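Participant: Here you go, sequence then predicted model.
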Protein chains: 2
Amino acid sequence: MSTSNLPATAFIHPSGNNREAVAALLQQAMTQILKHLTTAAQQTPLPTVGALPKLVLPELPADTTTLLATIEQVLKTGMNPAHPRYIGHMDPLPTTASILGDMIVAALNNNMLSVEMSPLFSRLEPLLMAEIAQLFGLGDRAGGLLVSGGSLANLQALAVARNVKLGCIQTGLSRNEQKPVFFVSEVAHTSIKKAAMLLGLGTEAAISIPTNRNSQMDISALKDAIAQAQQTGQQPFALVATAGTTVTGNIDPLIELGAIAQMHNLWFHVDAAYGGALIFSAAHSDRLRGIEQADSMTFNPQKWLYVTKTCASVLFRDMGHLQRDFQVAAPYMNTEDDWVNLGEISVQGTRHADVLKLWLSLQHLGKQGYRELIGASDALTETFVTAIQTRHYLELASQPEMNLVCFRGCPDWLPTDQWDAWNRALQQYLLREAQAFLSLPRYRGQNWLKVVLLNPYTTEADIQQIFGAIDQFATSSVP
Amino acid sequence: MSTSNLPATAFIHPSGNNREAVAALLQQAMTQILKHLTTAAQQTPLPTVGALPKLVLPELPADTTTLLATIEQVLKTGMNPAHPRYIGHMDPLPTTASILGDMIVAALNNNMLSVEMSPLFSRLEPLLMAEIAQLFGLGDRAGGLLVSGGSLANLQALAVARNVKLGCIQTGLSRNEQKPVFFVSEVAHTSIKKAAMLLGLGTEAAISIPTNRNSQMDISALKDAIAQAQQTGQQPFALVATAGTTVTGNIDPLIELGAIAQMHNLWFHVDAAYGGALIFSAAHSDRLRGIEQADSMTFNPQKWLYVTKTCASVLFRDMGHLQRDFQVAAPYMNTEDDWVNLGEISVQGTRHADVLKLWLSLQHLGKQGYRELIGASDALTETFVTAIQTRHYLELASQPEMNLVCFRGCPDWLPTDQWDAWNRALQQYLLREAQAFLSLPRYRGQNWLKVVLLNPYTTEADIQQIFGAIDQFATSSVP
């Protein structure tokens, strides 16, 4: 092609004609990235972004200097999860293998749509997912798919559940005699309600079950809700449990819920987006007992396995469901024997090859490495929880079951209607004075502080520093 | 944390303690990647993958040598869209800026779920999407979202269409009096039917409209179908046009379809996943005339804008619909004034920051660069089409409207029931003898060859080489 006005480094020439220029550009960008990440501790965990200039699509190509200046600006103004006191969300600093994986995947630009468009990755993904499904004890016919985020994992699981139980692939839900409903904890992730909306069930089809003091689904309330749905002529078809709730990291009683699902012929889905990583824990994998009863589950390596976003999976006890109860064939696609075109059995079509970074991370760290990371975060969590419990003006939202602690100040020298503001001010104070980012979720109608102790470079000293700042803030707030 | 058994390069130390080791590892991987891409023309466009060994999750960490050997293997066995004669799918070689963007995004590991988790990217995306919506003439209230692939773009558009027209966010579709239906070309992308299935409408809600000889929706057949749906008590709510069909790259008559949609109060969605890029064309942007009437449209920079996967967008004439007719709020999330948490208005929640590579690519190439790329591929297409037309034993599937040519052999010395096998054999022959990958779609019940002339390094000489091989194959097949 004749493309004389394109910058020399617009693409990488397949015979190497611009090798030096491209290598220099990539090298400079890599140097900037490394400089940023190797000094992450000296920067703020959560930069502020000033007013953005009006954005205009440029007419002319940019030169390398402009491009690198943009990159510098981007690096400075991102959320900084590499900071040891960035502990506010389930968003980790990435494994090095993830960064490698994403570089390679971008360079190859393969497509998970079909085997032909990703000859290796379309084979690697089902093999790896089957291995991971085995870890959870899902049985011989189990496997899974990677999807771009946990919301899609929950969506795909509930779509299959709906199709299996209601048989509506062709005909849809309209003129359904009974109203289909399913049961889920009141503190479940919002993507469950979103899935109910998308699937044409309506958000009210997701019947909210109250939780106990530890944010776990209340079994007797669930039984009542099932009975009531049956009595009012509704059609219960699924039960959704959570293993690692968004705000407090608690786990629904999986063994009992699995039994109830079986008794009532409900599809049993477990949203273990966060908590699934406990399967790698030496001390606490038993907290997931019961998950082996799941018909489907969500598990997101993008969280506690430190893989870059997105890397989320939906696992099925019986992968045959995807062909029988989900697939909408693409008549124009060719198929290769033995291997499935993953785009035909996924909510997505064209898809990024997230499998490589997961596979490289698992190889680089090994199960041993992950076991150690999880063990180390257990120890930090204990320190954090003890520090809360020894302060009369702090309280836990629930008993932690993961490396996630939700707490708040309950300063008895102030009226309770000022506590929300107090906790919000504390969050801001910690960011300003201790360079510590804790998030501020709403929980049971109030402001709480949430801590996720993922970062392997967070130390006991960081935690002492945070509690020093909390004490200072508290003292200064006494009238 | 105490993590003594982790490999030294597992993560990048935020104060730089392992800087040298990490820099060496990233440098080695980058060298491998560059070596691969700068010799892409010497490799096969579509490698074969041998039998994979049984995959086992490793117990122990891998050393650097093993990791780099894995990377080498991966690079060798991927689809190779950088090859100048990889011309079989809508999957381009990537812009250099895309590779840079994906490196940076992986390193930062921000999250498009909320403004707090991606302070810059969550602002950049709506600004850039509004600019792109302006290009298409969608008006003052227009904007859009990036989603992970075109199937999700079509899903989100049809979800909003359904919610706006049927008002079913809370209550769902069950016990709907009338059966909701929409109209779409028989050659539309499979994701439209998949969306109908996911949305609880059922695949039969997507009423297939016959197409003319150029793969464009037949207007009078559409009018008949609308009348019939109304007469049989169904509830038409949307009309889906395609601008750039999957197999032949043709464009439905957008102006007429927009008028019909308006007359019947149907949501007008245009799937311009591929063809949307024509908006950057100097010669042929008028082929999209009528798209400005769309209520929503899909446009995927991951195709003709050469951005790495995934980079797909869904645009809306009125972004207000997303808050009014889609959003399922996350009660635990904090909101920042003025900026929307994009996870609340998207089919996804946690999401990769695809906006950066799009923004960097647009900056690096400029509109001028894209105009030139598209112009150059027009010229190649003309050469390709002429070469087909001058051969009596080849025929076009349709008159091309983009850089996409669908054709087949019609060797009159063979009975027609052998033509499918002949074309399949030709495809294999071209891969083997000319290192040229053309895809082999099914179209109107037969095998065709499909060519997408995206690669800026494809030359006239490549095309001559391909037709030389085609002639040889044809000659040798004469009895």
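Facilitator: Arrived safely, thanks for sending. Bear in mind the structure is a predicted one, so any value in this text is a computation, not a measurement.

Participant: how about the strands in the stretch 201-350 of chain A?
Facilitator: A:206-209, A:235-242, A:267-271, A:296-299, A:312-316 (DSSP state E, counting those that start in this stretch).

Participant: Adding mean neighbour count and distance to residue A:139 as columns, could you present these in TSV?
Facilitator: Heads up, the C-betas are built off the backbone N, CA and C, glycines and all. Converted to TSV, these look like this (neighbours: other Cβ atoms under 10 Å in any protein chain shown; distance: least, Cβ to Cβ, whole Å):
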stretch	mean neighbour count	distance to residue A:139
strand A:206-209	21	27
strand A:235-242	26	18
strand A:267-271	28	13
strand A:296-299	30	12
strand A:312-316	28	10
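
Participant: Which one of these lies nearest to chain B?
Facilitator: Taking Cβ to the nearest Cβ, strand A:312-316 is the member of the strands of the stretch 201-350 of chain A nearest to chain B, at 7.2 Å.

Participant: Kindly reformat the strands of the stretch 201-350 of chain A as TSV containing distance to residue B:211 and mean pLDDT.
Facilitator: Compiled in TSV, the strands of the stretch 201-350 of chain A are given as follows (distance: least, Cβ to Cβ, whole Å; pLDDT from 0 to 100):
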stretch	distance to residue B:211	mean pLDDT
strand A:206-209	40	98
strand A:235-242	38	98
strand A:267-271	39	98
strand A:296-299	38	98
strand A:312-316	35	98
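
Participant: Generate TSV for the ones you listed, with distance to residue B:474 as supplementary columns.
Facilitator: As requested, the strands of the stretch 201-350 of chain A are exported to TSV (distance: least, Cβ to Cβ, whole Å):
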stretch	distance to residue B:474
strand A:206-209	60
strand A:235-242	57
strand A:267-271	55
strand A:296-299	51
strand A:312-316	47
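
Participant: where does the stretch 1-150 of chain A dip in pLDDT?
Facilitator: A:1-3, A:53 (pLDDT under 70).

Participant: The same query, at a cut-off of 80, please.
Facilitator: Within the stretch 1-150 of chain A, the stretches with pLDDT under 80 are A:1-4, A:51-54.

Participant: show me where it has helices.
Facilitator: A:19-37, A:64-76, A:96-108, A:121-135, A:150-166 (DSSP state H, counting those that start in this stretch).

Participant: right, so the ones you listed: which one is the most enclosed?
Facilitator: Each of these was scored by mean neighbour count; the highest is helix A:96-108, a mean of 29, by mean count of other Cβ atoms under 10 Å in any protein chain shown.

Participant: by how many degrees do that one and helix B:96-108 diverge?
Facilitator: Note on geometry: by axes from the mean of the first three to the mean of the last three Cα atoms, to 10 degrees, helix A:96-108 and helix B:96-108 are set 170 degrees apart in direction.

Participant: Quick check, the residue in chain A closest to chain B?
Facilitator: Per Cβ to the nearest Cβ, residue A:200 is where chain A lies closest to chain B, at 2.1 Å.

Participant: Could you find the closest non-adjacent residue to that residue?
Facilitator: What sits nearest to residue A:200 in space, not counting adjacent residues and going by Cβ to Cβ, 6 or more residues apart in numbering or on different chains, is residue B:200, at 2.1 Å.

Participant: ok, now which ones touch the one you found?
Facilitator: A:162, A:168, A:172, A:173, A:174, A:199, A:200, A:201, B:172, B:173 (Cβ atoms under 8 Å, 6 or more residues apart in numbering or on different chains).

Participant: Of the residues you listed, just say which sits nearest to residue A:7.
Facilitator: residue A:199 (45.8 Å; Cβ to Cβ).

Participant: ok, that closest one - contacts?
Facilitator: A:155, A:158, A:159, A:162, B:198, B:199, B:200.

Participant: Would you mind giving the residues you listed as JSON lines with distance to residue B:403 added?
Facilitator: What follows is the contacts of residue A:199, written out as JSON lines (distance: Cβ to Cβ, whole Å):
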{"residue": "A:155", "distance to residue B:403": "34"}
{"residue": "A:158", "distance to residue B:403": "40"}
{"residue": "A:159", "distance to residue B:403": "35"}
{"residue": "A:162", "distance to residue B:403": "40"}
{"residue": "B:198", "distance to residue B:403": "31"}
{"residue": "B:199", "distance to residue B:403": "32"}
{"residue": "B:200", "distance to residue B:403": "37"}
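
Participant: before we move on, back to that, tell me the secondary structure of the residue nearest to residue A:200, please.
Facilitator: Recorded secondary structure, residue B:200: coil (DSSP: H, G, I helix; E, B strand; the rest coil).

Participant: Turn the helices of the stretch 1-150 of chain A into TSV, columns for distance to residue B:50.
Facilitator: Output for those, formatted as TSV (distance: least, Cβ to Cβ, whole Å):
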stretch	distance to residue B:50
helix A:19-37	30
helix A:64-76	39
helix A:96-108	18
helix A:121-135	10
helix A:150-166	31
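
Participant: Need those in TSV (columns: distance to chain B).
Facilitator: As requested, those are exported to TSV (distance: least, Cβ to the nearest Cβ, whole Å):
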stretch	distance to chain B
helix A:19-37	4
helix A:64-76	6
helix A:96-108	4
helix A:121-135	4
helix A:150-166	4
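
Participant: Among those helices, which comes closest to residue B:183?
Facilitator: helix A:150-166 (23.5 Å).

Participant: The closest residue to residue A:433 other than its chain neighbours: neighbouring residues, count only.
Facilitator: Distances taken as Cβ to Cβ, 6+ apart put residue A:469 closest to residue A:433, at 5.3 Å, once the chain neighbours are dropped. Neighbour count of residue A:469, defined by other Cβ atoms under 10 Å in any protein chain shown: 19.

Participant: pLDDT on the helix or strand hosting residue A:469, on average?
Facilitator: Element membership for residue A:469 (DSSP states H and E) is helix A:460-477. In this model, helix A:460-477 carries a mean pLDDT of 98.

Participant: got it, and stretch A:169-183?
Facilitator: Averaged over stretch A:169-183, pLDDT sits at 91.

Participant: From one end of that stretch to the other, what's the distance?
Facilitator: 22 Å (Cα to Cα, to the nearest Å).

Participant: Run the chain-centre distance for it.
Facilitator: In terms of Cα atoms, centre = their mean, to the nearest Å, the centre of stretch A:169-183 is found 29 Å from the chain centre.

Participant: buried residues in that stretch?
Facilitator: Buried residues in stretch A:169-183, defined by neighbour count with 16 or more other Cβ atoms under 10 Å in any protein chain shown: A:169, A:171, A:172, A:173, A:174, A:176, A:179, A:180, A:181, A:182, A:183.

Participant: likewise stretch A:354-367?
Facilitator: A:354-367.

Participant: From those, which land in strands?
Facilitator: Under the assignment DSSP state E, the buried residues of stretch A:354-367 contribute nothing to strands.

Participant: ok, which stretches of the stretch 351-479 of chain A are strands?
Facilitator: Counting by DSSP E, counting those that start in this stretch, the strands of the stretch 351-479 of chain A are A:394-396, A:404-409, A:442-443, A:446-447, A:449-452.

Participant: nearest residue to residue A:236 other than its sequence neighbours?
Facilitator: Residue A:236's closest residue in space is residue A:229 (Cβ to Cβ, 6+ apart), at 5.0 Å.

Participant: What score does the one you found have for pLDDT?
Facilitator: For residue A:229, the model assigns a pLDDT of 98.

Participant: What is the burial count for it?
Facilitator: Other residues lying near residue A:229 total 20 when counted by other Cβ under 10 Å.

Participant: surely it meets residue A:237?
Facilitator: No: assessed by Cβ atoms under 8 Å, residue A:229 is found out of contact with residue A:237, at 10.1 Å.

Participant: and the end-to-end length of stretch A:288-295?
Facilitator: With Cα to Cα as the measure, stretch A:288-295 spans 15 Å from end to end.
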